[in-house]
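J.: The following comprises the amino acid sequence and a computationally predicted model.
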Amino acid sequence: MFIVAINNTKEDNMADKQTILSELENGVKGLQQEAAVEAAKKAVAAGVSPVEAIEHGLAKGIREVGEKFARKEMFVIELIYAASIMEEAIKILEPELKKSKEKRHVMAQVVLGTVAGDIHDIGKNLVRIMLEAGGFEVHDIGKDAPTDNFVAKAKEVDAGIVGASSLMTTTVDVQKEIVDALRSAGVKAPVMVGGAAVSEEWAAEIGATYASDAGSAVEIAKSLLGKGA
Ligand code: B1M
């Protein structure tokens, strides 16, 4: 009997990872749900970091779909379908993200939502998963969340941080409304903002702190602890 030793080199593993990331990206932008889900399963089996699989695979695909949509090369129905494919693939990766959940004490209560008028929640959901994995207790008030709900929830849970996501230029102003409403209601918790339509400058202008992605949101949330207005 022959025993064949399979010695995967570092280069082989890198190549495998690149292939999987491309398959994830292509599955979303090619509107191939089965291919995207299979690629997500492969990513888990190959030990590809779920954050990388999302950021460098699925999210790359959905952003390209967004660009095509903006150039009128894709219909809204295709945008919707691509988003649902991304969500299905994330379902496969989510347990891996949650595995890293730290069982230590809860660092702070975070109120998180997508602002009123905006129904985009894929990014916000990733931020929730990462914050939970990083030791925060997150109260997700959903998408298209009225400003009053941010305030009410922040008071109810004595929030250490309030997070507001906004993907559209037409809804970023609502983040300012949220900061102002919190301060008027006497809530001093620092506000973290993010989403495709948000910039560092905008955050500074409204008295909030910007996080560019779900990974850095965790680090920024940690740095904001105890730094209320
Ligand atoms: Co729409 N959409 N969409 N969309 N969509 C955008 C945002 C758009 C830029 C596309 C385009 O035209 N190029 C454009 C907005 C243009 C503008 O700014 N005015 C747009 C539009 C116009 C619309 C509709 C109006 C289309 C229509 O109906 N005619 C409509 C909106 C309706 C409404 O909200 N009232 C609409 C609808 C949808 C779908 C429902 C089909 C779907 C969303 C599904 C869902 O979320 N459940 C969708 C999608 C998928 C997109 C794009 C293509 C991708 C968004 C996404 O999921 N990205 C988007 C184009 C783009 O963003 N480039 C687009 C992947 C995700 C992982 O990244 O959300 O950026 P992202 O989140 C990141 C970071 O930003 C950050 O961390 C996340 C993870 O790393 N982050 C935070 C996000 N929130 C954070 C909060 C934080 C910290 C970090 O702290 C609190």
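T.: The structure has been received and is ready for your questions.
J.: is the ligand contacted by stretch 78-90?
T.: Yes - with C-beta under 6 Å from any ligand atom as the criterion, the ligand is reached by stretch 78-90 at 79-80, 83. To be clear about C-beta, it is placed using only N, CA and C from the backbone, and glycine gets the same treatment.
J.: Show me those that map onto helices.
T.: 79-80, 83 (DSSP state H).
J.: What subset of the residues of stretch 78-90 next to the ligand is buried?
T.: 79, 83 (16 or more other C-beta atoms under 10 Å).
J.: I'd like to know which of the residues of stretch 78-90 next to the ligand is nearest to residue 109.
T.: Distance to residue 109 across those (C-beta to C-beta) is lowest for residue 83, with 29.0 Å.
J.: wait, what's in contact with the closest one?
T.: Contacts for residue 83 were tallied using C-beta atoms under 8 Å, 6 or more residues apart in numbering; they are 62, 122.
J.: ok, now residue 62?
T.: Residue 62 sits next to 28-29, 82-83, 86, 122 when contact means C-beta under 8 Å, 6+ apart.
J.: Considering those residues, which possesses the most neighbours?
T.: Of all the contacts of residue 62, the highest neighbour tally under other C-beta atoms under 10 Å goes to residue 28, namely 29 neighbours.
J.: Quick check: that one vs residue 213, distance?
T.: 17 Å (C-beta to C-beta, to the nearest Å).
J.: contacts for stretch 121-130?
T.: If you take C-beta under 8 Å, 6+ apart as the criterion, stretch 121-130 is touched by 51, 54, 62, 83, 86-87, 90, 94, 97-98, 112-114, 138, 140, 142-143, 163, 165, 167, 194-196, 211, 214-215, 217-218.
J.: Among those residues, name the buried ones.
T.: 51, 54, 62, 83, 86, 90, 94, 97, 112-114, 138, 140, 143, 163, 165, 167, 194-195, 211, 214-215, 217-218.
J.: Among these, which lie within strands?
T.: The members of those that map onto strands under DSSP state E are 112-114, 138, 140, 163, 165, 194.
J.: could those be laid out in CSV, adding distance to residue 157?
T.: Listed next are these as CSV, based on distance: C-beta to C-beta, whole Å:
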residue, distance to residue 157
112, 11
113, 13
114, 18
138, 10
140, 12
163, 13
165, 18
194, 20
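J.: Close to the ligand: what parts of the protein are there?
T.: When proximity is defined as C-beta under 6 Å from any ligand atom, the chain approaches the ligand at 59, 62-63, 65-67, 69-70, 76, 79-80, 83, 112, 117-124, 126-127, 163-165, 167-170, 192-197, 211, 213-214, 217.
J.: please redo it, this time with the cut-off set to 5 Å
T.: Taking C-beta under 5 Å from any ligand atom, the part of the chain that reaches the ligand is made up of 59, 62-63, 66, 70, 76, 79-80, 83, 118-123, 126-127, 163, 165, 167-170, 192, 194-197, 211, 213-214, 217.
J.: Now for residue 56, how many residues are close by?
T.: Residues lying near residue 56 (other C-beta under 10 Å) number 18.
J.: got a pLDDT number for it?
T.: Residue 56 carries a pLDDT value of 92.
J.: Thought residue 23 was touching it, still the case?
T.: No - assessed by C-beta atoms under 8 Å, residue 56 is found out of contact with residue 23, at 11.8 Å.
J.: contacts for stretch 22-31?
T.: Contacts with stretch 22-31, where a contact means C-beta under 8 Å, 6+ apart, come from 32-33, 35-40, 42-43, 53, 56-58, 60-62, 64-65, 68, 78, 81-82, 85-86, 89.
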